[in-house]
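Novice: Here is my input, please return the structure:
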Amino acid sequence: MDQNGDLEVPKSGSAQSERQTKSAAKKETEGEDKKQQIKKIPLVPRRPLSSDQSGTKIKNRTANLESKDEMLVRDIWQAALTAVSNMIAAEVQQRETEETEEQRRIEEGERQRSSQVSAAAGGKDKKKDQKSAKKKGASSPTPPPPPPPSEDDIEEEKKRELKAKMRQEYFSALEHEEYMVKARLELIKSKSLAVVRDLLRKAEEAYKEIEEWFGARFLAEMKSIDQITEIIRHHIETAAKIQNELVLTSMDFYINGDLKVFPDPVTPPRPPSVEFQVDSTLTILQLSALYEQFCRAAPKGLVSSKDFTDILQALTTLSLGNDLLPDIWMHLSATQIQELMALLTLDSELIDWHKFLLLAAQPWPYPSQRQLLQTLERFKGLDTDGSGFVTEEQFNKTDVWFTSDIQILNDPTEPIPYDRMENLKKFFFMLFSDHQTSVKQLDYVNMLLYFAAHPDPVEGFYRALSVTTGEYITGRKTSSNLLKSVPNMDEIPSDEPPGSQTPPAADGGRVSLGALFKALCHGDFKTGDHNRFHSQDKTLAEYYENISQIYKELGYEDSEAIPYNILSQHPFMLDLIENNLRYKLTDIHRVLQIQQNEGVTQSSSAC
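Specialist: Numbering: from 1, shown residues only. Sure, this is the predicted structure:
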């Protein structure tokens, strides 16, 4: 009891309320921890059967308008929305359950406290009533007034109001967060759909490019296969072997020229060049055989007419069938041989067989006077020491007035056309070279003097004098009966264009005694000896003295060169020129052609 005698109300209700509040706070904390563990969006399978947990289907979704990837994004979005809604619903339900439990505990505590207060208030009122009854007597009882609210009740009321406000704010925040999460999910869905569509577009483009690439690759591979098939078919049809490697890699086909599957067949050697006989023209082999015969019979170059006749008759009779002479030559009669000798001897009983072989080698390109001088200059350019000789190597390198013009065929089975011009050049070196020395050498002036011959012997002498002097010599026209008897003496073909001849000197060219003597005694000058068959019955010394006398009569020394215009005015010189037949170019093939024509005429008469 207190000082007034009233009973003290125990504060067990307040303590119990505090314990209940602490217990509720502890449970709320445990509930929040559980909620933090539960608030997780569950994983969605890659291809869920359905995003609708209730089994309903989205009616506005059409499979023909959306891809499976877009459907998957929508399923994930729908699953996330469902998970968020379920999480919010579970949270709200949990909060309501906790509030219901807390309200029940509060109501029970209030009932207990009300019952205790009511019991205490009833006992006190009973005592007061007994006292008042004693004093005033029995009177009607009055209802007790409600107890005034205590401080604990006011505090509890404030807490309840605060909790209600917090609960309201919490649910509002929960609703707001639910809206924000769903809005973010909507943005994520829109962005995901845009990315998926972009990826689908890029995938379609990439697939189209891959398909085009595959198509081009396929066509290229088929083209390569067709090519290799065509090559194989061609070789099968032609029964030929495929020598080079055929390479088919991926879509590329090529023939590997660096690799052969079998070695090249041995190329047969090209058939040798063969020279065929044409009419009365001797081949190079026949000319070489005649050269060997005359070298053994008369190595110095001059042979008597009798010996020449014997050699020619021996060749035509004993060499029958040996192909040493053309068929026309093999049937020469004694009369025809005499005609040949008359053409070769001219003013002497001796025959220069070098000249005979040169005439027998016809036809060959006839040099002009300018070409003779040009060839002479080329030989002098090689003859640095001025010896008058060139070696075989130098001769082969020197360009003469004719060249080879054959055309080599591409067919390896065909022989190379016979190069008669090249072989004639080699034969001329063999014919005019000196074989008595260790190294074969050619007296090029002596050789060019042979080629200076002309159907007009006077013109031939001028050509020879040009060779010995190295200057262009021209003489006056003559009215000699001997020159008139030579037909077409001025019609020698020349390769010079009109007006290209070297202009003669104003004095007709200067002639030294040695050059004149060499031109007059060509042939005899080479042998260096005197014999009884000499046409002038004089030794070379006597002949040289006679020519030297001409120079003295004209007022010149032997060492001086006389202008040809002055030299040609001497009567003895005119006689030498007009009576010199040494440079007459005869046609020995004319005798053979006459024989052939007579044989054809006799055959026609017999028919």
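
Novice: what's the longest strand belonging to the chain packed up against?
Specialist: Longest strand of the chain, by residue count under DSSP state E: strand 252-260. If you count contacts as 3 or more Cβ pairs under 8 Å, 6 or more residues apart in numbering; DSSP states H and E, strand 252-260 packs onto helix 151-237, strand 244-249. The way it works is simple: take the backbone N, C-alpha and C, and place the C-beta from them, glycine included.

Novice: which other helices and strands contact the first one?
Specialist: Yep, that's helix 151-237 we're talking about. helix 12-38, helix 68-136, strand 244-249, strand 252-260.

Novice: pretty sure residue 560 is in contact with residue 551, am I right?
Specialist: Yes. Here residue 560 reaches residue 551: they are 7.3 Å apart, a contact under Cβ atoms under 8 Å.

Novice: So for those two, which residue has more residues nearby?
Specialist: Using other Cβ atoms under 10 Å as the criterion, residue 560 and residue 551 rank with residue 551 on top: 21 against 12.

Novice: So the more buried one versus residue 543, what's the distance?
Specialist: 14 Å (Cβ to Cβ, to the nearest Å).

Novice: same thing with residue 384?
Specialist: For residue 384, the distance to residue 543 (Cβ to Cβ) stands at 32 Å.

Novice: neighbour count winner among those two?
Specialist: It is residue 543, of residue 384 and residue 543, that has more neighbours when counted by other Cβ under 10 Å, with 18 against 7.

Novice: so where's the stretch 401-550 of the chain shaky on pLDDT?
Specialist: The model of the stretch 401-550 of the chain has pLDDT under 70 over residues 475-508, 523-540.

Novice: what's the weakest-modelled helix or strand in the chain?
Specialist: For the chain, using mean pLDDT, DSSP states H and E, the weakest element among its helices and strands is helix 481-484, scoring a mean of 40.

Novice: So which elements touch the helix or strand just after that helix?
Specialist: Per DSSP states H and E, the first helix or strand lying C-terminal to helix 481-484 is strand 510-511. Applying 3+ Cβ pairs under 8 Å, 6+ apart, we find strand 510-511 packed against helix 457-469, strand 562-563, helix 564-567.

Novice: Of all those, which one is nearest residue 374?
Specialist: helix 457-469 (11.3 Å; Cβ to Cβ).

Novice: so how far is that closest one from its chain's centroid?
Specialist: Centroid displacement of helix 457-469 relative to its chain, using Cα atoms, centre = their mean, to the nearest Å, is 60 Å.

Novice: Next: stretch 195-205.
Specialist: In terms of Cα atoms, centre = their mean, the centre of stretch 195-205 is set 45 Å apart from its chain centre.

Novice: and that stretch, which residues are buried?
Specialist: The neighbour-count check on stretch 195-205 (16 or more other Cβ atoms under 10 Å) flags residue 196 as buried.

Novice: got it, and stretch 430-447?
Specialist: 430-433, 440-447.

Novice: for stretch 301-308, same thing?
Specialist: The neighbour-count check on stretch 301-308 (16+ other Cβ under 10 Å) flags 301-305, 307-308 as buried.

Novice: For the longest strand of the chain, which strands pair with it and how are they oriented?
Specialist: If you go by DSSP bridges, strand 252-260 pairs up with strand 244-249 (antiparallel).

Novice: quick one: average pLDDT of the strand it pairs with?
Specialist: Averaging pLDDT along strand 244-249 yields 89.

Novice: For it, give me every contacting residue.
Specialist: 224-225, 228, 231-232, 253-257, 259-261 (Cβ atoms under 8 Å, 6 or more residues apart in numbering).

Novice: same thing with stretch 196-212?
Specialist: By Cβ under 8 Å, 6+ apart, the surrounding residues in contact with stretch 196-212 are 67, 69-70, 73.

Novice: export that stretch as PDB, just CAs?
Specialist: Taking Å, rounded to 0.1, in the frame of the first residue of the first chain, the C-alpha atoms of stretch 196-212 are listed here in PDB:
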ATOM      1  CA  VAL A 196      19.000  -9.700 -80.000                       C
ATOM      2  CA  ARG A 197      17.500  -8.300 -83.200                       C
ATOM      3  CA  ASP A 198      20.800  -6.600 -84.100                       C
ATOM      4  CA  LEU A 199      22.600  -9.800 -83.500                       C
ATOM      5  CA  LEU A 200      20.100 -11.700 -85.600                       C
ATOM      6  CA  ARG A 201      20.400  -9.100 -88.400                       C
ATOM      7  CA  LYS A 202      24.200  -9.400 -88.300                       C
ATOM      8  CA  ALA A 203      23.900 -13.200 -88.100                       C
ATOM      9  CA  GLU A 204      21.700 -13.200 -91.200                       C
ATOM     10  CA  GLU A 205      24.200 -11.000 -93.100                       C
ATOM     11  CA  ALA A 206      27.100 -13.200 -92.000                       C
ATOM     12  CA  TYR A 207      25.200 -16.300 -93.000                       C
ATOM     13  CA  LYS A 208      24.300 -14.700 -96.400                       C
ATOM     14  CA  GLU A 209      28.000 -13.800 -96.900                       C
ATOM     15  CA  ILE A 210      29.100 -17.300 -95.900                       C
ATOM     16  CA  GLU A 211      26.500 -18.800 -98.200                       C
ATOM     17  CA  GLU A 212      27.700 -16.600-101.100                       C
END
